[in-house]
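>>> okay, sequence plus prediction incoming.
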There are 2 protein chains.
Amino acid sequence: MSVTMRDVAVLARVSVKTVSNVVNNHPHVHPVTRSRVEQAIAELGYRPNLSARGLRSGRTGVIGLAVPELRQNYFAELADAVILAAERQNLSVIVGQAGRDRQHEINVLANGLRQTDGLLFSPERLGTEDVELLDVVDYPLVLLGERIFGGPADHVTMHNVSASRAAVEHLLAQGRRRIAVLGAHPDRRENQLRASDLRVRGYREALEIAGLPHDPDLERMVAPWHQEDGARAMDELIDSGVEFDALFALNDTLALGALRSLGKSGRRIPDDVALIGFDNITDGRFTLPSLSTVDPGRDEIAERAIGMLIERIEWGPRSPRPPRLHKARFHIVERESTVGGAATDRTVRNEVAESVDFSTDSAT
Amino acid sequence: MSVTMRDVAVLARVSVKTVSNVVNNHPHVHPVTRSRVEQAIAELGYRPNLSARGLRSGRTGVIGLAVPELRQNYFAELADAVILAAERQNLSVIVGQAGRDRQHEINVLANGLRQTDGLLFSPERLGTEDVELLDVVDYPLVLLGERIFGGPADHVTMHNVSASRAAVEHLLAQGRRRIAVLGAHPDRRENQLRASDLRVRGYREALEIAGLPHDPDLERMVAPWHQEDGARAMDELIDSGVEFDALFALNDTLALGALRSLGKSGRRIPDDVALIGFDNITDGRFTLPSLSTVDPGRDEIAERAIGMLIERIEWGPRSPRPPRLHKARFHIVERESTVGGAATDRTVRNEVAESVDFSTDSAT
DNA sequence: CTGAAAGCGCTAACAT
DNA sequence: ATGTTAGCGCTTTCAG
């Protein structure tokens, strides 16, 4: 069958241990021996069997990434960043899509994505109310996103509240006073801490700080957050006759849908309505007008998540270290939809990363 | 450490062989024994070690998917479909992004994406001129896309030429006569059979059949195919003063960029310029106007690619079966950018799938 | 239908 | 600095 270490050892006239040392870059290998082994490896076209290595060492070199679905651009870009970050650490990534139904997500949590060294999990259907499902997880796990807070696992997320506040403050700075928000969750139970809840909170804070009244008519509920939902909700807002001069879409996908609806209605952007989204997906750069947005720090999220996961993997299963929470640095990206033709992707840094070593409270 | 088959066997008072038989759904297991074993498995929370299974059986249950980059929406949607199709066959997918440079793609081809049962590879930098690199591939491989034709591997692709012809015919049917095309490749060497070359060929065929003159000024070269490139090329076409009443963008991403540029220039779509793209990515459904496009049959591509790969895996490495070529069914999706407000995502089927069992010529 | 035992290719003690 | 060897957990002959 295939070439094994033994074959290499025979050809190089050394033991398998020496071959192993060479392959794994162990020290204490005589340069001459090393090159002889390398020669033999090249000659035979030897490549280590990763199943055997995994069996023996308990490490596969593969991690899992579970996202709701790749066809949501935000998750595609997140996966892109995660795969790149993992590659830098010599890890491969099995990608799973679990968000289509709740049971699928439960299965993912129960088993990981096959047998991997660890899992990066961005849940969609599971929420903080399901946090006890995490208690039985017996492999390294890092949570992504804002569905589950306060769990026993490491967590990398965004500054949802303060970034949203900054987004709305940006609209206020343009002189807007009737600011609508698109994407509040229809289920108004408290303490859910979904992205929608946190971002709405930031919206309200900004209004309150500015001394503006809170108008429930301007808080539009939308779920899920696809383009068609954004377009529909926008149509409804327009039809309702409620006046508004700005719109904060809770993610860019909703904003894209709203853009269509606003355009159809004849509103000029930003003249009649200023629009800002959230996520900084690539699509927003070349719409007309281009879309102002919040850059939530995707690369940093990917980098930290991989870093945390690797640490957990190395610490082993019974490490007593408490769960950690990391929120990435964010910034506001000003484009045409809020500042008109003058926009040149100007970026305004607003807040630095924040990292705490206990996951109790403060899930803002 | 973890629970092994041995532990299960002890608890169920059977041999490991019997446990193995149960786990793998082998026949010839007494129902009573089976349930006793299942009981023990549940009680102990046993889960088979996939590294061990992989080592022993030579199959990992993992395949690789190498795309240029996930942040190009087409590839995100392709990966989405591939992962779903793989999941149905109980396969996991390691996703790699190799398109950022040529050496990376060469490495991927040399090693697969780690050690997997097989690879689905959509190259970007490698082309038909590199086809000899495929000769040394010693694992199951299915090519995707239109960069490499005529190689010794199975290949799943699109009806590039006839689908493009259909797209242009759709424009012609709207009464357009000055049809520009965006995305021809700057490197005009022949026989490259890139997506761009094939799609331009379809464009020319349609014009020729319609008896329209071929105007080189209307064939705009663009590479790569990102939104900004589409916008820039469109700006150039507009600035050039060349007249046109329709545009065929060789993919949807270019079309999105062109949409912005056309809008900025004050052109009304489709009144002044009708626009059709290629790929049917989700983003085109909610632009204003929504984007007519060619649906290249992504789900069918994913499904067939997985199917072919599984067959290759099962046939083993020395199967003499010749490489196969499959082109998915396509159709034209008529939206507002060609037919105006009347559009309702009407879909026109134009051609059926085509499958041949030798990969010589006919790479249309 | 079930059991015993070999061994997949590798790593890591331990020995030299 | 290099060699010897046990054994990771599973599947798979081969017997019974």
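Cool, the structure landed.
>>> count of neighbours near residue A:135?
10 (other CB atoms under 10 Å in any protein chain shown). For the C-beta atoms, the positions are set from N, CA and C on the backbone; glycine is no exception.
>>> run through who's touching the one helix or strand residue A:200 maps to.
Under the criterion of DSSP states H and E, residue A:200 resides in helix A:195-209. For helix A:195-209, contacts defined as CB atoms under 8 Å, 6 or more residues apart in numbering or on different chains pick out A:145-147, A:160-169, A:172, A:179, A:181, A:183-185, A:213-214, A:219, A:223, A:248, A:250-251, A:278, A:363-364.
>>> out of the residues you listed, which touch DNA strand C?
Applying CB under 7 Å from any atom of the strand, the subset of the contacts of helix A:195-209 adjacent to DNA strand C is empty.
>>> just the residues you listed: which are in strands?
A:179, A:181, A:183-184, A:219, A:248 (DSSP state E).
>>> for residue B:274, state which of those is nearest.
Taking CB to CB as the measure, residue B:274 lies nearest residue A:183 of these, at 33.8 Å.
>>> how close does that closest one sit to chain B?
15 Å (CB to the nearest CB, to the nearest Å).
>>> what sits against that residue?
So residue A:183 contacts A:196, A:199-200, A:220-223, A:225, A:230, A:233, A:249-251, A:254 (CB under 8 Å, 6+ apart).
>>> try 6 Å
A:196, A:222, A:225, A:250, A:254 (CB atoms under 6 Å, 6 or more residues apart in numbering or on different chains).
>>> just to revisit the earlier point, for residue B:20, state which of the ones in strands among the contacts of helix A:195-209 is nearest.
Nearest member of the ones in strands among the contacts of helix A:195-209 to residue B:20, counting by CB to CB, is residue A:183, at 50.9 Å.
>>> got the buried residues for the helix holding residue A:200?
Neighbour-count burial for helix A:195-209 flags A:195-207 (criterion: 16 or more other CB atoms under 10 Å in any protein chain shown).
>>> any idea which element residue A:64 lies in?
strand A:62-67.
>>> can you dump the C-alpha atoms of that strand in CSV for me?
Provided in CSV are the C-alpha atoms of strand A:62-67 (Å, rounded to 0.1, in the frame of the first residue of the first chain):
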residue,chain,number,x,y,z
VAL,A,62,-8.6,19.6,12.6
ILE,A,63,-11.1,21.9,14.3
GLY,A,64,-14.7,22.4,13.6
LEU,A,65,-16.5,25.6,12.7
ALA,A,66,-20.3,25.5,12.9
VAL,A,67,-22.2,28.5,11.5
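>>> hmm, residue A:274 is touching residue A:178, no?
No. Judged on CB atoms under 6 Å, residue A:274 makes no contact with residue A:178 at a distance of 10.6 Å.
>>> and the two? Which one has more around it.
Each of residue A:274 and residue A:178 has its neighbours counted (other CB under 10 Å); residue A:274 has more, 24 against 15.
>>> quick one: mean pLDDT for the helix of greatest length in chain A?
Longest helix of chain A, by residue count under DSSP state H: helix A:298-315. Taken as a whole, helix A:298-315 has a mean pLDDT of 95.
>>> quick check, that helix touching DNA strand C?
No. Counting by CB under 7 Å from any atom of the strand, DNA strand C is not contacted by helix A:298-315; separation bottoms out at 12.5 Å.
>>> buried residues, stretch A:141-158. List them.
A:141-151, A:153-158.
>>> so which of those reach DNA strand D?
Within the buried residues of stretch A:141-158, nothing lies near DNA strand D by CB under 7 Å from any atom of the strand.
>>> which ones among those residues map onto strands?
Checking the buried residues of stretch A:141-158 against DSSP E, those in strands are A:141-144, A:154-157.
>>> next, see if the strand holding residue A:64 gets close to chain B.
No. Against chain B, strand A:62-67 shows no contacts by CB under 6 Å from any CB of the partner chain, the least distance being 6.8 Å.
>>> now the helix or strand just after that strand: buried residues?
Under the assignment DSSP H and E, the closest C-terminal helix or strand after strand A:62-67 is helix A:73-88. The neighbour-count check on helix A:73-88 (16+ other CB under 10 Å) flags A:73-86 as buried.
>>> same for the next helix or strand after helix A:73-88, what does it pack against?
Going down the chain from helix A:73-88, the next helix or strand is strand A:92-97, by DSSP H and E. Counting contacts by 3 or more CB pairs under 6 Å, 6 or more residues apart in numbering or on different chains; DSSP states H and E, strand A:92-97 packs against strand A:62-67, helix A:73-88, strand B:92-97.
>>> show me what secondary structure element comes after strand A:92-97.
helix A:102-111.
>>> list the buried residues of that next one.
A:104-106, A:108-109.
>>> between these, which is nearest residue B:95?
So of the buried residues of helix A:102-111, ranked by how close each gets to residue B:95 (CB to CB), first place is residue A:108, at 16.1 Å.
>>> ok, that closest one - contacts?
Contacts of residue A:108 (CB under 6 Å, 6+ apart): A:66, A:98.
>>> now stretch A:174-190: average pLDDT?
Stretch A:174-190 comes out with an average pLDDT of 89.
>>> I meant to write stretch A:271-291 there.
96.
>>> distance from that stretch to the middle of the chain?
Distance of stretch A:271-291 from the chain centroid (CA atoms, centre = their mean, to the nearest Å) equals 20 Å.
>>> what's it in contact with?
The list of residues contacting stretch A:271-291 from outside it, by CB under 6 Å, 6+ apart, reads A:73-74, A:167, A:171, A:174, A:176, A:246-252, A:255, A:262, A:267, A:269, A:292-295, A:333, A:335-338, B:227, B:231, B:257, B:260, B:263, B:283.
>>> now stretch A:223-230
By CB under 6 Å, 6+ apart, the surrounding residues in contact with stretch A:223-230 are A:183, A:185-186, A:222, A:251, A:253-254, A:256-258, B:286.
>>> which residues of chain A score low on pLDDT?
Scanning chain A for pLDDT under 70 picks out the ranges A:1, A:189-191, A:342-364.
>>> can you put the helices and strands packed on strand A:92-97 in CSV and add distance to DNA strand C?
Below are these laid out as CSV (distance: least, CB to the nearest atom of the strand, whole Å):
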stretch, distance to DNA strand C
strand A:62-67, 15
helix A:73-88, 19
strand B:92-97, 19
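>>> go through those and name the closest to residue B:132.
strand B:92-97 (22.0 Å).
>>> could you check the angle strand A:92-97 makes with the closest one?
Relative orientation of strand B:92-97 versus strand A:92-97 (axes from the mean of the first three to the mean of the last three CA atoms, to 10 degrees): 110 degrees.
>>> determine how far the last residue of stretch A:311-321 lies from the first.
For stretch A:311-321, the first and last residues are 11 Å from each other (CA to CA, to the nearest Å).
>>> repeat for stretch A:127-138
First-to-last residue span, stretch A:127-138, CA to CA: 19 Å.
>>> what's the answer for stretch A:57-70, then?
32 Å.
>>> what's the answer for stretch A:6-26, then?
OK, stretch A:6-26 end separation, CA to CA: 18 Å.
>>> between the ones in strands among the buried residues of stretch A:141-158, which is nearest residue B:325?
Of all those, residue A:144 has the smallest distance to residue B:325: 39.7 Å, by CB to CB.
>>> who does that closest one bridge with?
residue A:156 (DSSP bridges).
>>> likewise for residue A:275?
Bridge pairing for residue A:275 - DSSP bridges - gives residue A:247.
>>> from residue A:253, how far off is it?
Distance check for residue A:275 against residue A:253: by CB to CB, to the nearest Å, it reads 13 Å.
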